[in-house]
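Engineer: Sequence and predicted model, in that order:
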Amino acid sequence: MSSAIGYVAASCALGENLTEAVTNLLAARVAPRPETFTELADPVVMPYFAMRGEERVAEAIYADLLRMAQSALGGLSATARRRTGLFLGSSSFDVNVSESLYRQQLRERVLAVPMPIVGYGKLAQRLGEQFTLSPHRHTYSTACTSSANALLYAHRMLEAKIIDHALVIGLEFFNATTLLGFHGLGLISPSGTLSPFSRERDGLVLGEGFAVVLLSREEQSEISLCGGAITTDNHSLTAANADGSSIAAVIERAVADSGVDVTSIVALKAHGTASLMNDEAEAAGLKQLFPDASMPPVLTLKPFCGHTLGACGVLETALLVGCLQRGQIPGNPHAEVDPALAIPLLRETRAAPVGHYLLNCFAFGGNNNALVLRRDPL
Amino acid sequence: MNLLATYSLLHWVMAKEPQLPDLKPLISQWTGQRIRRLDRYIELCIAGGLNCVAERKLPSDTGIYLATRCGAVTTSAAVMQAIVANGESPKPLHFVNTLGNSAGFYLTQLLGVTGTAVLVSQENLSFEAALLHAFLDLHAGRVKCALVGGFDEVALSLNCHALRLEAEHVECFSEGSHWLLLDGSAPRNGIRLSCPFYAEGQEDLQAWLNRHPADRVQTSFIPTQQERSWLPASCHAFAGIPIGDGSIALHGVFSGAALTGLAEVIRETGGRGVHIARDSAERYCAVLIDAAEPDLA
């Protein structure tokens, strides 16, 4: 069974809404800006794909998210909403709010509690109550695969007829813990460019954003989620096995779960973080499954919105679906392929064929996810 | 689902004299590997998981389904304090250990499993949510074996812990790590667990209970007077909840302690039990635990 994708919305550095974001993506228009941390003993500057608007007011961001969810659910009756599950994935959840509150406590010289807000499931519970959804309100915390896993289990619960609809949310907001954590790991691009699979790749650029996808069973849509898989790579806490074996394994399982084989894939969205080891691992995994010249065109979205970590599963799905709905696959005119990796990166935007699309997503903790979408003729 | 094994750690930490039991012996009895800088959250995960699996050899594609309500609070707080209060950059390993699923990595590596791994959270129903995810994959044949574990820590200092939980006047806090090892093969003699049933409220749960009569009905919470009026007369609260004068704050996956406890009682006594957990919005989740009938749905 496939799950119909009935509604998608997104907000990120590319634009405040999906229409704007897809337009900018297809025009390859957006660039990171410098982010400075002056409060540190040794100030740090790094590139960052921030959402539009100068002020990062949490209330405004959450109000936008609420409106997005409201729009997604707008076509559902009260009865249908009670059969709608909520699936939320993030890497940092509301750490941004926790940091703000902690700073305020320090300023006001009251008892300051670091990490004052805890509980991964709070937001899903709040949204579930607000929209009177089913009791299935699941929150996923598997680092960068969080919302990809939310999509997959939403699909599985639809398949098992536990629910009829699934509101799937991915979110990741600017916070010092995440940015400085990645900086400390030495994974941020010194050049400020995110160039997946390029010989000049020198690391990733983080970004923020949120997106929603509404999945439904027993409904028709141009684009649907067919299946996917999760596997674990025990090689390293922060990097995939460079031999690509675990990445090939998750893709193989994902296509099998979707009832197709790899030859059905017409294009694939790589995880493509532009970090040295992970691009090498992803390229090796892809080459095991698509030998010689059989690899379909590979597209990457992070050069335009940054690596949005736990949000990227849903956000990049929403962006790709937005492009497919316009009949296009987004290219990256700036893409330069490392000959050693030999990945057929898509440089020019081209017409989107009907068929199956593979979406890769990999995370710290060795968590790998691959999803398969299908585009049917209109 | 066939229940192969359970394991549960439940600690009570008194506000006046907070002491956390040492978990290292529980880990070192199963592995000689020395792992750098394990925090409390990771220790709870590894100690629980390794002791549940014990000496069994798991299939490499065993699914790991983890649950937590609050995640790695001690390490997350330390990293936030370093950055915001002290103006320091976080240490790389500390940052990585703030992620909810890092604990799972250490466990899958020690167990040598490479299948599905997911960490799910649903406030007080987090443990049941992980069990539901395992059931979905076992039932569909995606995994043959599933290890389900829920863990939440007491993050010292207790003053801060209490403020985070909005439990400033509480005298006793719990932490724990609760585990089930399941397989999806044909029913056989032993304990079977049903798919967790999510009830929208009282009526929904009552209808489900009527369809699933049981010898024992156990709640993971102290029922209110109103709940007592409609729950079966045989229903009782999990014996692990201390009854006394002092106030208590239960950890997020406490219902996992209740469920594993009931499963062990059913294993010893036979018959059929129902486990009921409740979330803050008074929605319920029920699981049937059966030693008698081999054809549970």
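Structural biologist: Here it is on my side, so go on.
Engineer: neighbours around residue B:132, how many?
Structural biologist: Neighbour count for residue B:132, taken as other Cβ atoms under 10 Å in any protein chain shown: 26. Any C-beta I mention is one placed from the backbone N, CA and C, and that applies to glycine too.
Engineer: what pairs with the nearest residue to residue B:2 once chain neighbours are set aside across the strands?
Structural biologist: Excluding the flanking residues, the one nearest residue B:2 by Cβ to Cβ, 6 or more residues apart in numbering or on different chains is residue B:183, at 5.0 Å. Bridge pairing for residue B:183 (DSSP bridges) gives the partners residue B:2, residue B:145.
Engineer: Got the confidence number for residue B:183?
Structural biologist: Residue B:183 carries a pLDDT score of 95 in this model.
Engineer: In the chain, where is pLDDT below threshold?
Structural biologist: Unless you meant another one, I'm taking chain A. For chain A, residues meeting the criterion pLDDT under 70 lie at A:53-56.
Engineer: Wait, chain B was what I had in mind.
Structural biologist: For chain B, the stretches flagged by pLDDT under 70 are B:244-246, B:292-297.
Engineer: 80 instead, please
Structural biologist: Counting by pLDDT under 80, chain B shows low-confidence ranges at B:35-37, B:186-189, B:243-246, B:292-297.
Engineer: ranges for the helices of it?
Structural biologist: B:24-28, B:40-53, B:73-80, B:92-96, B:102-111, B:126-139, B:158-164, B:202-211, B:225-230, B:254-269 (DSSP state H).
Engineer: Mean neighbour count, these: which tops it?
Structural biologist: Per-stretch averages of neighbours, counted by mean count of other Cβ atoms under 10 Å in any protein chain shown, single out helix B:126-139 among the helices of chain B, with a mean of 27.
Engineer: name the helices or strands packed onto that helix?
Structural biologist: helix A:146-159, strand B:63-67, strand B:117-121, strand B:145-152, strand B:172-183, helix B:254-269, strand B:284-290 (3 or more Cβ pairs under 8 Å, 6 or more residues apart in numbering or on different chains; DSSP states H and E).
Engineer: Contacts only, for the residue of chain B most remote from its centre.
Structural biologist: Within chain B, residue B:87 marks the point farthest from the mean C-alpha position, 35.9 Å out by Cα atoms, centre = their mean. By Cβ atoms under 8 Å, 6 or more residues apart in numbering or on different chains, the contact list for residue B:87 reads A:39-41.
Engineer: quick one: contacts of stretch A:102-111?
Structural biologist: Identification of contacts with stretch A:102-111 by Cβ under 8 Å, 6+ apart yields A:112-116, B:80, B:84-85, B:159, B:163.
Engineer: then it to CSV, C-alphas only?
Structural biologist: Extracted C-alpha coordinates of stretch A:102-111, given in CSV (Å, rounded to 0.1, in the frame of the first residue of the first chain):
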residue,chain,number,x,y,z
TYR,A,102,18.3,29.9,30.7
ARG,A,103,19.9,33.2,29.4
GLN,A,104,17.0,35.1,30.9
GLN,A,105,17.5,33.3,34.3
LEU,A,106,21.2,34.1,34.3
ARG,A,107,20.5,37.8,33.5
GLU,A,108,17.9,38.1,36.2
ARG,A,109,20.2,36.3,38.7
VAL,A,110,17.4,33.9,39.8
LEU,A,111,18.1,30.2,40.2
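Engineer: At the geometric centre of chain B, which residue do we find?
Structural biologist: The residue lying closest to the centre of chain B (Cα atoms, centre = their mean) is residue B:150, at 2.9 Å.
Engineer: I'd say that residue and residue B:65 touch.
Structural biologist: No: between residue B:150 and residue B:65 there is no contact under Cβ atoms under 8 Å: 9.3 Å.
Engineer: Mind listing the shared neighbours of those two?
Structural biologist: With Cβ under 8 Å, 6+ apart as the test, residue B:150 and residue B:65 both reach residue B:130.
Engineer: residues in contact with the closest residue to residue B:248 other than its chain neighbours?
Structural biologist: Computed as Cβ to Cβ, 6+ apart, the closest residue to residue B:248 that is not its neighbour in sequence is residue B:172, at 4.6 Å. The contact partners of residue B:172, by Cβ under 8 Å, 6+ apart, come to B:12-15, B:242, B:246-249.
Engineer: Could you rerun that using 7 Å?
Structural biologist: Each residue near residue B:172 by Cβ atoms under 7 Å, 6 or more residues apart in numbering or on different chains is listed here: B:12, B:14-15, B:242, B:246, B:248.
Engineer: And it, how far from chain A?
Structural biologist: Computed as Cβ to the nearest Cβ, to the nearest Å, the residue B:172 to chain A distance reads 19 Å.
Engineer: what sits opposite that residue in the beta ladder?
Structural biologist: Beta bridges link residue B:172 to residue B:14, residue B:248, judged by DSSP bridges.
Engineer: And for the one 5 residues further on?
Structural biologist: With DSSP bridges as the criterion, the beta-bridge partners of residue B:177 are residue B:9, residue B:151.
Engineer: doesn't residue B:151 make contact with it?
Structural biologist: Yes: contact criterion Cβ atoms under 7 Å: residue B:177 and residue B:151 qualify, at 4.1 Å.
Engineer: what sits in contact with each of those two?
Structural biologist: Between them, residue B:177 and residue B:151 share the contacting residues B:44-45, B:48, judged by Cβ under 7 Å, 6+ apart.
Engineer: just those residues now: which is nearest residue A:23?
Structural biologist: When the shared contacts of residue B:177 and residue B:151 are compared for distance to residue A:23 (Cβ to Cβ), residue B:45 wins out at 44.7 Å.
Engineer: which residues touch the closest one?
Structural biologist: Residues counted as contacts of residue B:45 (Cβ under 7 Å, 6+ apart) are B:103-104, B:107, B:149, B:151, B:177.
Engineer: Spatially, which two of the residues you listed are the most separated?
Structural biologist: Within the contacts of residue B:45, B:104 and B:177 form the most distant pair, 12.6 Å apart (Cβ to Cβ).
Engineer: okay, now residue A:52: neighbour count?
Structural biologist: Counted with other Cβ under 10 Å, residue A:52 comes out at 11.
Engineer: The closest residue to it other than its chain neighbours - how many residues pack around it?
Structural biologist: Computed as Cβ to Cβ, 6+ apart, the closest residue to residue A:52 that is not its neighbour in sequence is residue A:16, at 5.4 Å. Applying other Cβ under 10 Å, we find 14 residues neighbouring residue A:16.
Engineer: What residues does the residue of the stretch 1-150 of chain A at minimum distance from chain B make contact with?
Structural biologist: Closest approach between the stretch 1-150 of chain A and chain B, counting by Cβ to the nearest Cβ: residue A:141, at 3.2 Å. By Cβ under 7 Å, 6+ apart, residue A:141 lies in contact with A:120, B:71, B:100-101, B:119, B:121.
Engineer: how close does the residue lying closest to it once chain neighbours are set aside sit to residue A:90?
Structural biologist: Leaving out its chain neighbours, the residue that sits closest to residue A:141 by Cβ to Cβ, 6+ apart is residue B:100, at 3.2 Å. Separation of residue B:100 from residue A:90 (Cβ to Cβ, to the nearest Å): 10 Å.
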